[in-house]
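A.B. asks: take this sequence and fold it.
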Amino acid sequence: MEIFNETKCTLDKELETVRKVLKHAMKKLDVDAIFNVIIVDNDYIHKLNRDYRGIDRETDVITFALEDDKTFNPEIRILGDIYISIDKAVSQSEEYGHSLVRELSFLAVHGFLHLLGYDHMKKEEEEVMFKLQEEILDEVGIKR
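C.D. replies: Sure thing, here's the model as predicted:
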């Protein structure tokens, strides 16, 4: 896993925690794979959302899963990329009344689960995915 901060924000401590949380998630789910987390600003994620999803607004997290097309190599799993908007993470952490590290960790786990094929389009899927997100965060001490 690689984490890239493409913003001017200093996030060394926060991103070290995100790395720890994602390593725990990988171990919990028995996943040995390569993927990237890229921290960007609202303008960048807005363009991704518009150009690739046809939604003309910023979002908090967007994923590009490489295994979606079923042409992946099972010997070396390359899951894809998770883009997180630092602007949305900051505003949502304030809105929800928790720390920035909690919001970044949540968004990273959320994106990681999407890369693994989890979704929340149906109520049943949402319950499974959101329960797993909270378990992972709780197990590493990331509380609301």
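
A.B. asks: ramachandran angles for the nearest residue in space to Leu15 that is not next to it in sequence?
C.D. replies: Leaving aside its chain neighbours, Leu15 sits nearest to Ile3 (5.2 Å; criterion: CB to CB, 6 or more residues apart in numbering). No exception for glycine: its C-beta is placed from N, CA and C like everyone else's. The phi and psi values for Ile3, taken as degrees, to the nearest 10, are phi -120, psi 130.

A.B. asks: secondary structure class of the residue of the chain most remote from its centre, three-state.
C.D. replies: Here the centre of the chain is the reference, and by CA atoms, centre = their mean the most remote residue is Glu75, at 23.4 Å. Under DSSP: H, G, I helix; E, B strand; the rest coil, Glu75 falls in the coil class.

A.B. asks: tell me the confidence at it?
C.D. replies: Glu75 is assigned a predicted lDDT (pLDDT) of 72.

A.B. asks: tell me how far it lies from Leu29.
C.D. replies: Here the criterion is CB to CB, to the nearest Å. By it, Glu75 lies 18 Å from Leu29.

A.B. asks: again, but for Glu126
C.D. replies: Taken as CB to CB, the span from Glu126 to Leu29 is 18 Å.

A.B. asks: now do Arg144
C.D. replies: 22 Å.

A.B. asks: more neighbours: which of those two?
C.D. replies: Counted by other CB atoms under 10 Å, Arg144 and Leu29 do not tie: Leu29 has more neighbours, with 14 against 11.

A.B. asks: name the nearest residue to the more buried one, ignoring sequence neighbours.
C.D. replies: Leu29 sits nearest to Leu116 (CB to CB, 6+ apart), 6.9 Å away.

A.B. asks: you'd agree the one you found is up against Val31?
C.D. replies: Yes. Under the criterion of CB atoms under 8 Å, Leu116 makes contact with Val31 at 6.8 Å.

A.B. asks: hang on, Asp87 packs against Asp41?
C.D. replies: Yes. Using CB under 8 Å, Asp87 is in contact with Asp41, at 5.6 Å.
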